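I need the structure of the sequence given here:
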Amino acid sequence: MADIKVVGIEKLEKQLKENISLGAVKQVVKKSGTTLQKEAERIVPVAPVNGGTLKRSITGPELTDGGLTAKVEATAEYAAYVEYGTRYMKAQPYMRPALEKAEKEFQTNMKKLIK
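Presented below is the predicted three-dimensional model:
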């Protein structure tokens with residue numbers, strides 16, 4: 001089993017306590033969750049006939065942990081097949097690229113809060 005050591009966590013905690021309120025962090029989490037949902041809906045592939053089921057199944061952001069966690073998910077039964085592909089169908093990622101965009105936004109906004 002690998003050991004993981006996080007360096008600088010005490011400094012980060014101190015800066016967070018000094019510079020920002022928990023409410024501001026919750027706003028950043030909510031905004032990033034909304035970005036994730038909207039971006040996933042924007043780039044998800046839609047079938048030309050009777051399409052849109054997967055797009056409509058993208059739900060969220062559902063805030064948990066007192067607003068410190070945002071959950072966005074695609075609830076269509078075949079969502080994972082589209083995201084990751086099958087041996088007969090190539091992957092058409094929509095959630096991972098949306099997550100990467102939301103993650104960058106989250107990091108940028110958190111850095112602004114810390115400064």
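
thought residue 35 was touching residue 104?
No. Applying Cβ atoms under 8 Å, one finds residue 35 not in contact with residue 104, separated by 9.5 Å. Using the backbone N, CA and C atoms, a C-beta is placed for each residue, glycine as well.

which one of the two has more residues nearby?
residue 35 (22 against 12; other Cβ atoms under 10 Å).

Look up the pLDDT of the residue nearest to that one when sequence neighbours are not counted for me, please.
Among residues not flanking residue 35 along the chain, residue 102 sits closest, at 4.5 Å (Cβ to Cβ, 6 or more residues apart in numbering). pLDDT, residue 102: 92.

ok, now which ones touch residue 102?
With contact taken as Cβ atoms under 8 Å, 6 or more residues apart in numbering, residue 102 is in contact with 32, 33, 35, 36, 39.

go again using 7 Å as the cut-off
Residues counted as contacts of residue 102 (Cβ atoms under 7 Å, 6 or more residues apart in numbering) are 32, 35, 36, 39.

If we only consider the residues you listed, which is nearest to residue 50?
residue 39 (23.9 Å; Cβ to Cβ).

what sits against the closest one?
Taking Cβ under 7 Å, 6+ apart, one finds 98, 101, 102 in contact with residue 39.

Adding pLDDT and distance to residue 48, write the contacts of residue 102 out as CSV.
Converted to CSV, the contacts of residue 102 look like this (pLDDT from 0 to 100; distance: Cβ to Cβ, whole Å):
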residue, pLDDT, distance to residue 48
32, 93, 32
35, 94, 27
36, 93, 26
39, 95, 22
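
As TSV, the residues you listed with secondary structure would be great.
Conversion of those to TSV gives the following (DSSP: H, G, I helix; E, B strand; the rest coil):
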residue	secondary structure
32	helix
35	helix
36	helix
39	helix
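
Can you pull out the low-pLDDT segments for the protein?
1-6, 9, 12-13, 15-20 (pLDDT under 70).

tell me the residue furthest from the middle of it?
Within the chain, the residue lying farthest from the chain centre (Cα atoms, centre = their mean) is residue 49, at 28.9 Å.
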